[in-house]
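Peer 1: Got a sequence here, can you build the structure:
(chains A and B)
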Amino acid sequence: MDFKTEIEKQLKKEVGEVNLEIPPDFSLGDFALPCFSLAKILKKNPNDIARELKETFKSKYIERIEVKGPYLNFFVNKSILAEDTVNSILKLKERYGSSGIGKGQKMLIEHTSINPNASPHMGRARNALIGDAVARMHKFQGYKTEVHYYINDIGKQIAMLVLGSKGKKVNFDGLLDIYVKFNKELEKKPHLEKEVLGLLAKLETGDKKTKAEFKKIVDICIKGQIEILGRLGIKYDIFDYESKYLFNKDTEEILKKLEKTKLLFIDEVGRNVLDLDGYGLPMKTPVFVLTRGDGTSLYGLRDLAYNAEKLKKCKNSLIILGEDQKLYFQQIKLALELMKLDAPKVLHYSFILLQEGKMSTREGNVVLLGDFIKEAKKKSLNELKKRGRADEKTAEMIGYGAVKYSILKVSPDKNVLFNWDQALDFEGDTGPYIQYSYARACSILAKEKRKGKVDASVLIDAKEKQLISKLSSFPEVVLDATRQFRPQSIANYLGDLAKCFNEFYQVCPVIKAEPKIKNARLALVECTKYVLKNGLSLLGIDSPSKM
RNA sequence: GGGCCUGUAGCUCAGCCUGGAAAGAGUAUUAGCCUUCUAAGCUAAGGGUCGCAGGUUCAAAUCCUGCCAGGCCCGCCA
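Peer 2: Numbers count the residues shown, from 1 in each chain, chains lettered A, B, ... in the order given. Have a look, this model is predicted:
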């Protein structure tokens, strides 16, 4: 039952199209109609309008109506809401919250796509965590999702690692060090740059030995990255290697297509350049450079080929990109549109900053994801020990939950200043707080079983009503979050829900309540358990039944 | 110089798209609550020129303009 739509439908008959809002405080009602705008149309005092509407409005879904000055406040029939919400959740269980809007549709999501040059740092992890959550949200809504990871296996960075690791035994953890050292070397000896480019040119001719050298580094790197991300439960369906689009000549196809637009030209140093003047790109000279002077391809050209292929596979597509790629993506989008191709939708996120500035793999001032989750697990294991448990699996659930929640709850537009203490906080508005609420619910349900029919209308305590109201809004929150690619909305909702549940827990004993109320409260706890679990799983966070 | 994002309590953030009632959480500080379903919890107190200045509106944290501060980007990196 959608109360809001029901009230709006009724009001439409009386005064035309209106938009209800949620009052600032629970005690003021469930929905409110401010009568200011009506005052203008009806040429009457808003307070009078509110009073008159109160008299004429009738609906069985409304318990009572209060007039507060120019506001008409609706109190929905709590027993209908309670019955409705509880029945719906108990029926749908792990599907509660899904609208099914994605049924029959496919969604391709590309995320993470970290350069295979080192162990991932927290900044990159933000991409993976957001992408993973968005993918889970779509899956939940019925989309058939396909998660892609694009591997930049032929870039300058790999060439640098190939050169830097000559004669050394390389492993995943040592790559960062090699990369940092090589970059320092490069500053001192600029002629190394030529060696790097030479190696790239050799690669593009298809030289077997060079290919093998690149592949060796890339394989080590990808394997290490996937292992770390896999620990966090982040999985990919398909890995796309950038080199493929070079060696299968797709890039040449793209150049041919772009030639037809008449906007492609060869500049004074022999590069293929796309003229994007007149499209409002905020660049000094609005062009898109596609090849180097020596004819080798640049990243952008290969990316165009990649995007063209993704589009063939699926017309619904999303990519997660850092804010540094905003302008670059505009170029890609324009170039694709010139070829009459749709660009994917894009979600940009800002960087995680350190006290001393931006994280930079090249300079080596990074907090590695691997180190961070290790620390998180260690801390949660410690906390578990204090409570007489020391279960590794649960420690991971909690530690990783803290990491994920702390990143996902913040809007991607915001820079995050990385702070160890804060990121590893387990109290207050954190992942473990939500998990703890879940564990509390499980604990009650393990002690006592609900029996027979539930009469939800006996749930009349203020905290019970508040909890029910919160539970009932879950589907709307998920729908909105999915449509707008906003995992943070779900994270914030879960924080609120956990708070509502803990407040209820404090004042409403379940097991000791009289039978009728006990049964209804058990049902309410069960409902909360489902919603917490469903919500957490959308963020890729596990729900431990004990902690 | 140009473009995009951000600026809300000491600190970390929600609310801004879609304007509406006294601006919300968490944390930190202070004071309470474990013989009662897990205290990773709950209750209470103090703490705010919503960056600044204009404008639109009956009404602005929310919309518009200008300015200030931070982040990101602006041709052979990816």
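Peer 1: who in the stretch 201-350 of chain A is up against RNA strand B?
Peer 2: For the stretch 201-350 of chain A, the residues in contact with RNA strand B (CB under 7 Å from any atom of the strand) are A:242, A:267, A:269, A:271, A:273, A:282-285, A:287, A:289, A:292-294, A:298-300, A:323-328, A:350. C-beta coordinates here come from the backbone N, C-alpha and C atoms, glycine included.
Peer 1: so where do the strands sit in the stretch 1-150 of chain A?
Peer 2: In the stretch 1-150 of chain A, the segments counted as strands under DSSP state E, counting those that start in this stretch are A:31-34, A:62-68, A:71-76, A:106-110, A:144-151.
Peer 1: now the stretch 301-450 of chain A
Peer 2: A:317-322, A:345-349, A:352-354, A:357-358, A:416-417.
Peer 1: how about these in JSON lines, adding mean neighbour count and mean pLDDT?
Peer 2: Formatted as JSON lines, the strands of the stretch 301-450 of chain A follow (neighbours: other CB atoms under 10 Å; pLDDT from 0 to 100):
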{"stretch": "strand A:317-322", "mean neighbour count": "21", "mean pLDDT": "97"}
{"stretch": "strand A:345-349", "mean neighbour count": "18", "mean pLDDT": "97"}
{"stretch": "strand A:352-354", "mean neighbour count": "18", "mean pLDDT": "88"}
{"stretch": "strand A:357-358", "mean neighbour count": "12", "mean pLDDT": "76"}
{"stretch": "strand A:416-417", "mean neighbour count": "15", "mean pLDDT": "88"}
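Peer 1: For residue A:206, list the residues it contacts.
Peer 2: Taking CB atoms under 8 Å, 6 or more residues apart in numbering, we find residue A:206 in contact with residue A:247.
Peer 1: give me the number of residues near the residue of the stretch 301-450 of chain A found nearest RNA strand B?
Peer 2: Of all residues in the stretch 301-450 of chain A, residue A:428 sits closest to RNA strand B, at 2.2 Å by CB to the nearest atom of the strand. With neighbours defined by other CB atoms under 10 Å, the count for residue A:428 comes to 9.
Peer 1: distance between the worst-scoring helix or strand of chain A on mean pLDDT and the chain's centre?
Peer 2: Lowest mean confidence among the helices and strands of chain A (mean pLDDT, DSSP states H and E): strand A:357-358, at a mean of 76. From the chain centre to the centre of strand A:357-358 is a distance of 23 Å (CA atoms, centre = their mean, to the nearest Å).
Peer 1: Give the other helices and strands that it contacts.
Peer 2: The helices and strands touching strand A:357-358, judged by 3 or more CB pairs under 8 Å, 6 or more residues apart in numbering; DSSP states H and E, number zero.
Peer 1: Each with direction, which strands does it pair with?
Peer 2: strand A:352-354 (antiparallel) (DSSP bridges).
Peer 1: contact partners of the partner strand?
Peer 2: Here strand A:352-354 makes contact (CB under 8 Å, 6+ apart) with A:122, A:123, A:126, A:359, A:365, A:366, A:367, A:407, A:415, A:416, A:417, A:418.
Peer 1: so which of these is the most crowded?
Peer 2: The contacts of strand A:352-354, ranked by neighbours (other CB under 10 Å): first place residue A:407, 26 neighbours.
Peer 1: Pull the contacting residues for that residue.
Peer 2: Contact analysis of residue A:407 by CB under 8 Å, 6+ apart lists A:122, A:125, A:126, A:129, A:130, A:352, A:416.
Peer 1: Next one: the residue lying closest to the last one once chain neighbours are set aside from residue A:272, what distance?
Peer 2: Distance criterion CB to CB, 6 or more residues apart in numbering; nearest residue to residue A:416, sequence neighbours excluded, is residue A:352 at 4.6 Å. Distance from residue A:352 to residue A:272, counting by CB to CB, to the nearest Å: 36 Å.
Peer 1: Give me the neighbour count for residue A:266.
Peer 2: 11.
Peer 1: contacting residues for it?
Peer 2: Contacts of residue A:266 by CB under 8 Å, 6+ apart are A:272, A:273.
Peer 1: same thing but 6 Å
Peer 2: By CB atoms under 6 Å, 6 or more residues apart in numbering, residue A:266 lies in contact with nothing.
Peer 1: Which of the contacts of residue A:407 sits closest to residue A:308?
Peer 2: residue A:130 (24.8 Å; CB to CB).
Peer 1: Show me the shaky parts of chain A.
Peer 2: Low-confidence segments of chain A (pLDDT under 70): A:1.
Peer 1: what's the distance between the residue most central in space within it and RNA strand B?
Peer 2: For chain A, the residue nearest the mean C-alpha position is residue A:130 (3.1 Å; CA atoms, centre = their mean). Distance, residue A:130 to RNA strand B, using CB to the nearest atom of the strand, to the nearest Å: 13 Å.
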